[in-house]
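Q: Got a sequence here, can you build the structure:
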Amino acid sequence: MHDKSPLAVIGNSYFAQKPNRRPVMNLSSVVYIGFWTDYQRGDISGLMLTLDTRSATTLMAILVILVGFAGNRSWKIWAFFLHAMYHPLNRLFQTPVACPVRHQQVILRNTETAGGALLSLASYTFNFCRGTAIFSRKMATTVLLAFFVFAHYGAFVVFGVLTSKISVGNSVRSIDTPDCGEWISNITLPKNYTREEALQYELTNAELMLNDTVDAESYVRGCYGQLSEGPGVLDCRTLPQRSLPYSTQMNRCPFQDGTCLIKDRDRSAFTMDTGNISFSQLGLNSKFSERLFFRRRTVCSPITMEPFLYSRQNVQTELQDTNKTGVDPEAFGLYAFFKYPSGKNASYLFRYNSTGYDVTAFYTLDTDILPPLPPLQTPVSSYTLSVITIRGPTILFLKNSSDPLFFVQSETDGASEGYDLTLYRMSRPINSIACQEMAILCSDVTHYCTNWTGLAQTMLFGDIIRDLLGSQADDEGSSAVVLASHALVSSTIYQSVMGRTLSALQASRYLTNNIQTRLADEQWKIELEGWFCIALARIQLYGLRVVKTPAPDHSRIKKYSNESLPDVKKMCNIVKFHSAEHTTLSATWIIIILAFVVLVTIFSFGDSWMAFVWKKGTEGLLKPWENNEKLRLLLEAEQMEESSGSSLGEVKNTSEVTETGFLIPRKPVSERQ
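A: Here you go, the predicted model:
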């Protein structure tokens, strides 16, 4: 995975082929379909159901229908209780006068929905209550009933609308796939490996790294603040958080006296610091992610190259050792920033008259294994060191500049280049920036924070997991710690620059026909912020890179395995992101809605099971309720017509009261004929 051997120090000359650019990520194939827990929302309220958007829309429509059905059944329950409350009023106003209460009871008994009851009450009031005083008690009962019916009807309309709010968006969880995992070169280096074996090993790993960096840069250009230029490898809404915040300030040079180029030692280093970032901001789904944090800091300073350049004699010896015969030693330079465990310097040979920009990156993840030369050593015991060098001997500039990374002071005649103006060139053969990179991990679970360490030290999993989670460690929490630690290791400035040459520079956007048309004030800080943002994007994208690796060439790579790591399947199942093709619903609210519908439906048959279970005790409520059922009323009306004994010619314009007390207006028999 992340090599900490001396082979980690490589230059651009090692890249013999250009890695393929990965296409825009399609993450639909790694979305988990079904029930899962979003721990950021809590154990209960975080119960989620993820479906494809069409299925989720269908389910929400069904739930809306069920809420409407529950509204109908709820109305029957309330109608029963209101009917019972109106029964004493019916006895009080039982004389055959306008707007009788008994009619309202019949409406309550025979309307299946609140909306139907509201319309029936409106019609009833218009036809039967016109002679009733507006402020009378009987009219008041009608108004109160209508108001309650309207409130019930409106409440379930609102409930139906709010049912669609069970959708919590398109936040989804990943699932294990055959390509899920971390991939490295499948070459196993023997103890006495050859230079060719080492080269192939590094080339494969570098290609994987470079592809990830290209994706990270694309994401930065699309989604990171002022650097944003439009759509990149991912929609900016894919990740749980669009970008990670950071702050900048000038600080004291972290290296030995005389190493930093800027004279004001207390303000000669540029610091970029994220502050505390929770694991949940990375989309790592565990119940501890809200309480686990990391902090990433990079302190960079332009450095003088004199302590690192070799003499002319050393250059000639290096040319001989590398079988470069027949070349002019004066055309080459040699420098080194690190020392191999064997004691030999990790030197790098370069050509003075190279064309265009030459951007080279070096690093060591662990200064104990690959220590820097004395000028780059710091009082901190453990840190990661990245060194970036920039050369551009043939680049022409329209203006001079004192920028430490683009030191342009050498005037040149533009006529020799075909331009009728004064141009400038870089005055130093090499410009360099060294960056001290560290991280810290903290936990609110155990109230523990690690010391500031190099990025490689965050991968001491046994110790780190125990320190951060204590006895509460579980598979998801351990996997989150491992993924976050791996993400930090992949976030060096070196990885933001490695192998990209010209494209690694923000200044290259203003390079036309080998002329640098524009160079901002403090361009070196702009370059550093760009590289740091790419490093942060690598942290953000790390989980997705583990989950979704484009079909790899298995003839060259293999999955990284480590017995100290949690089950890879657990790691592949804890990454959260957003998928435009899926919708996640609150399973908690789905269960609540279904339970509510079932309970309301059961209680809506209360009149039936009350009669079956406790008939004698509820007879006073049930008998009037049964008597006002429309079929019962129809039967009474028919019985009265049969028993009236009226002849065809008899005129009888009266109103009669049935045995149940219901007032039935009677038309003259002659009119009925």
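
Q: what sits against the nearest residue to Ser401 once chain neighbours are set aside?
A: In this structure, Ser401 finds its nearest non-sequential neighbour in Val408, 4.3 Å apart by C-beta to C-beta, 6 or more residues apart in numbering. For every residue, glycine as well, the C-beta is placed using N, CA and C. By C-beta atoms under 8 Å, 6 or more residues apart in numbering, the contact list for Val408 reads Phe397, Lys399, Asn400, Ser401, Tyr424, Arg425, Met426, Ser427, Leu519.

Q: same question, Asp368
A: Ser382.

Q: ok so it is a helix residue?
A: No - counting by DSSP: H, G, I helix; E, B strand; the rest coil, one finds Asp368 to be coil, located in no helix.

Q: Please tell me which one of the contacts of Val408 counts the most neighbours.
A: Of all the contacts of Val408, Met426 has the most neighbours under the rule other C-beta atoms under 10 Å, reaching 24 neighbours.

Q: Ramachandran angles for that residue?
A: Backbone torsions of Met426, given as degrees, to the nearest 10, read phi -60, psi 140.

Q: ditto for Glu202
A: Torsion angles, degrees, to the nearest 10, at Glu202: phi -70, psi -40.

Q: what does Leu47 give?
A: Per degrees, to the nearest 10, the backbone of Leu47 is at phi -70, psi 120.

Q: Tell me the spacing between the residue nearest to it when sequence neighbours are not counted and Tyr357.
A: Closest residue in space to Leu47, ignoring its immediate chain neighbours: Ala587 at 4.3 Å, by C-beta to C-beta, 6+ apart. With distances taken as C-beta to C-beta, to the nearest Å, Ala587 is found 54 Å from Tyr357.

Q: follow-up on the earlier one: with respect to Leu27, which of the contacts of Val408 is nearest?
A: Leu519 (39.2 Å; C-beta to C-beta).

Q: Give me the spatial nearest neighbour of that closest one, chain neighbours excluded.
A: Leaving aside its sequence neighbours, Leu519 sits nearest to Ser401 (C-beta to C-beta, 6+ apart; 5.3 Å).

Q: related to what we said a few turns ago, hmm, Gly46 and the residue nearest to Leu47 touching each other?
A: No - contact criterion C-beta atoms under 8 Å: Ala587 and Gly46 do not qualify, at 9.1 Å.

Q: Residue ranges in the stretch 51-200 of the chain under the pLDDT threshold?
A: 83, 85-105, 108-109, 124-140 (pLDDT under 70).

Q: same check, this time on the stretch 501-650 of the chain
A: Across the stretch 501-650 of the chain, the ranges flagged by pLDDT under 70 are 550-554, 561-569, 607-650.

Q: which residues touch Asn285?
A: So Asn285 contacts Thr37, Asp38, Tyr39, Gln40, Arg173, Glu476, Ala480, Ile574, Val575, Lys576 (C-beta under 8 Å, 6+ apart).

Q: In a markdown table: these, plus secondary structure and neighbour count.
A: What follows is these, written out as a markdown table (DSSP: H, G, I helix; E, B strand; the rest coil; neighbours: other C-beta atoms under 10 Å):
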| residue | secondary structure | neighbour count |
| --- | --- | --- |
| Thr37 | strand | 19 |
| Asp38 | coil | 22 |
| Tyr39 | helix | 21 |
| Gln40 | helix | 20 |
| Arg173 | strand | 24 |
| Glu476 | helix | 21 |
| Ala480 | helix | 32 |
| Ile574 | coil | 26 |
| Val575 | strand | 29 |
| Lys576 | strand | 22 |
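
Q: Show me which of those residues is closest to Arg54.
A: Arg173 (19.4 Å).

Q: how about Ile433, secondary structure?
A: Applying three-state DSSP: Ile433 is strand.

Q: count of neighbours near it?
A: 23.

Q: For Gly477, grab phi and psi.
A: phi -60, psi -40.

Q: Quick check, central residue of the chain?
A: For the chain, the residue nearest the mean C-alpha position is Pro240 (1.5 Å; C-alpha atoms, centre = their mean).

Q: surely that one meets Gln281?
A: Yes - counting by C-beta under 8 Å, Pro240 touches Gln281, with 6.4 Å between them.

Q: What residues sit buried inside stretch 35-53?
A: For stretch 35-53, the neighbour count (16 or more other C-beta atoms under 10 Å) marks Trp36, Thr37, Asp38, Tyr39, Gln40, Gly46, Leu47, Met48, Leu49, Thr50, Leu51 as buried.

Q: My reading is that the residue nearest to the centre of the chain is in a helix; is that accurate?
A: No - checked against three-state DSSP, Pro240 lies outside a helix; its state is coil.

Q: Let me see the contact set for the closest residue to it other than its chain neighbours.
A: Leaving aside its sequence neighbours, Pro240 sits nearest to Gly283 (C-beta to C-beta, 6+ apart; 4.2 Å). Shown in contact with Gly283 (C-beta under 8 Å, 6+ apart): Leu239, Pro240, Gln241, Gln540, Gly543, Val575, Lys576, Phe577.
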